[in-house]
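1. I would like the atomic coordinates for the input below:
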Amino acid sequence: MFVIELTYKAPLAEIDRHMAAHVKFLKKYYASGHFLVSGRKIPRDGGIILSVGTSREEMQQIIAEDPFHSRGLADFRIIEFRASQRADDIQKRIAGG
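-> Numbers count the residues shown, from 1 in each chain. Alright, predicted model coming up:
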């Protein structure tokens, strides 16, 4: 599994101009089964994507497609980890209930 951390390098107005393209990118990789959960960091200086994949190289190739990456709007950090435990009610917890 991978945690992908985005840190914005551009003003939020510039980020927002490219948000629709970024969301389209996210939807592509949710549909492919790679992305599990994502969202904005608080404070809003970037975002987090929890992903599955076969290798760090695969994650780098996927990230290269993100408009935030190709336009130089954000730095990306890939953290690989092996999930060894999970909450039985993970879906409920993610939903905030």
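2. Need phi/psi at residue 5.
-> For residue 5, the backbone dihedrals are phi -110, psi 130 (criterion: degrees, to the nearest 10).
3. Quick check: bridge partners of it?
-> With DSSP bridges as the criterion, residue 5 is bridged to residue 48, residue 77.
4. and it, how many residues sit next to it?
-> Residue 5: 15 surrounding residues under other C-beta atoms under 10 Å. Placement of C-beta: from N, CA and C, glycine included.
5. shouldn't it be in contact with residue 59?
-> No. Using C-beta atoms under 8 Å as the test, residue 5 is too far from residue 59 to be in contact (11.7 Å).
6. how far does the single longest helix found in the chain sit from the chain's center?
-> Ordering each helix of the chain by length in residues (DSSP state H) puts helix 19-31 first. Distance of helix 19-31 from the chain centroid (C-alpha atoms, centre = their mean, to the nearest Å) equals 10 Å.
7. ok, the residue nearest to residue 73 when sequence neighbours are not counted - contacts?
-> The spatially closest residue to residue 73, leaving aside those adjacent along the chain, is residue 10, at 4.5 Å (C-beta to C-beta, 6 or more residues apart in numbering). Counting by C-beta atoms under 8 Å, 6 or more residues apart in numbering, residue 10 touches 72-74.
8. next one: residue 62
-> 29, 34, 51, 53.
9. which residues of this structure fall in helices?
-> Under DSSP H, the chain gives helices at 12-17, 19-31, 56-64, 67-70, 90-95.
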